[in-house]
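[1] Following is a predicted model, sequence given first.
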Amino acid sequence: MKRTLFPLLLILACAPSLSAQDAKSFGLAGCGTATVVDAFAVHWNPAALAVRGQHIRNAAPSAGFSASDSTNIGMPVLDYTGHKAALAGTDPVRRVTLYQGLFAVQHRGYALGVLQEDACHLEANQSALDLIEARRTGTLSAGDSFMPDRSERRVKARHVLLGAGKSVPLGGSIPFFAVGGSIKYTLGTLNEETLTRGSFVAGTSDGLVSSHFRADRGKGISYDAGIMAKLSSSFQAGCVWENVNSKVTWDGVIETLRHDPSTGSPEVASVLEEEWTIALPRAVRVGLVLMPEGKDIQLIAESRHTERKTRWRFALERSYPRQKASVRLGLLKDPATDKTDVTLGGGWFTRKLDVNAALLTRKFPAVLNSQSVGGALSATYIF
């Protein structure tokens, strides 16, 4: 059987506070649409590949890795456990984790990259957590009543990206303008979702029913298009249309799980093989960069527009050319908690090498006690 599903699955599974593979954009709170001009631009904005393209005669590889973890319970995310979440009193409990790595190589205005990502989204009400705790501790008694509402989604995929950017002379008062596009071939290795929703009374004849979707194989193609413009000596902007045309097909199984009335333990009641198609969510990203003359400072703002909402983030970068260093500060809203997260970053650069590091937190300097924690490392070398 073949189905076409609304992209809700991937929207929820891939909705972290910060999605950035390179440490520069990570330190800028994910503002990469108008700031990233190395091989990482194959992901952020393919038009930006034209910025340095004319100067790269051989190859310029870039590699980066990032990780982030956030929750809305009133305790450090690094101490998160199901038992502590059940005691927190937060309703619903949310946790979002994301791991990403990108390796890309640029030659002139072209780039080829491989993006690996692993995203997980958990949301559960207190009744669902109480039922899990009662099962775990063996304290479930006849007559105990629960109204669980729990969803857990995880997606693992590898994306092969091929992008190109080309400058277009416009003359007049616009110093630089470029257009670009990229093709993204997705190879999914895991797409899993468990939904538990309804009522459960221990000892009754009617057990709670859950559903479990799992696919270990998926593939598809999507397209991005972008523009990059330097409108004056102190102002530049970028815009990207993500997933203009997208379709990813997964082959897997849908299991119906019936919970034992006495123990609450889930047992497989039926299995159905399925093929379903998911369209990656469309979005429009707009980045703006203000560079006051003679200040070595960049003031950055970026928005991401989807069918559901618009999210803004803001950042500042200060360069020190004599020291060949830069520092960064960013602010963004965490969708899991609707609280403001802070990013801090720094870099060291030469004519051929650019190395960056960044971190994400909600508490400073007590970073490890934050409800949001993350970090990134990346480097670019020009041969």
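    On my side now, so go ahead. Numbers count the residues shown, from 1 in each chain.
[2] which of the residues in stretch 264-280 are buried?
    Judged by neighbour count (16 or more other CB atoms under 10 Å), stretch 264-280 contains these buried residues: G264, P266, W276, I278, A279, L280. Any C-beta I mention is one placed from the backbone N, CA and C, and that applies to glycine too.
[3] Need the pLDDT of the closest residue in space to V201 that isn't next to it in sequence.
    Spatial nearest neighbour of V201, chain neighbours left out: S145 (5.0 Å); criterion: CB to CB, 6 or more residues apart in numbering. On the pLDDT scale, S145 is placed at 88.
[4] Tell me how many other residues surround S145.
    Neighbour count of S145, defined by other CB atoms under 10 Å: 11.
[5] just K295 next, same as before
    For K295, the neighbour count with other CB under 10 Å is 11.
[6] How about the contacts made by it?
    Counting by CB atoms under 8 Å, 6 or more residues apart in numbering, K295 touches no other residue.
[7] Parallel or antiparallel, which strands does the host helix or strand of I300 pair with?
    I300 belongs to strand 297-305 when elements are defined using DSSP states H and E. Strand 297-305 has its sheet partners listed here by DSSP bridges as strand 283-290 (antiparallel), strand 310-320 (antiparallel).
[8] Same question for the first one: list its buried residues.
    If you call a residue buried by 16+ other CB under 10 Å, then strand 283-290 has these buried ones: A283, R285, V286, G287, L288, V289.
[9] Pick the one among these closest to D22.
    Proximity of the buried residues of strand 283-290 to D22, judged by CB to CB, is greatest for G287, which lies at 14.5 Å.
[10] Can you list the buried residues in the regular element (helix or strand) spanning K333?
    Assessed by DSSP H and E, K333 sits inside strand 325-334. If you call a residue buried by 16+ other CB under 10 Å, then strand 325-334 has these buried ones: S326, R328, L329, G330, L332, D334.
[11] quick check, distance from the strand holding I300 to the centre of its chain.
    A distance of 17 Å separates the centroid of the chain from that of strand 297-305, by CA atoms, centre = their mean, to the nearest Å.
[12] one step back: pairing partners for the strand holding K333, with directions?
    strand 310-320 (antiparallel), strand 339-349 (antiparallel).
[13] Those strands: which one's closest to I183?
    strand 310-320 (25.9 Å).
[14] For that closest one, list the C-alpha coordinates in CSV.
    This file holds the C-alpha atoms of strand 310-320, laid out as CSV (Å, rounded to 0.1, in the frame of the first residue of the first chain):
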residue,chain,number,x,y,z
THR,A,310,7.9,32.6,11.2
ARG,A,311,11.0,32.4,13.5
TRP,A,312,13.6,35.1,13.9
ARG,A,313,17.1,35.0,15.2
PHE,A,314,19.7,37.7,15.8
ALA,A,315,23.5,37.7,16.0
LEU,A,316,26.6,39.9,16.2
GLU,A,317,30.1,39.1,14.9
ARG,A,318,33.3,41.1,15.9
SER,A,319,36.5,40.6,13.9
TYR,A,320,40.0,41.3,15.0
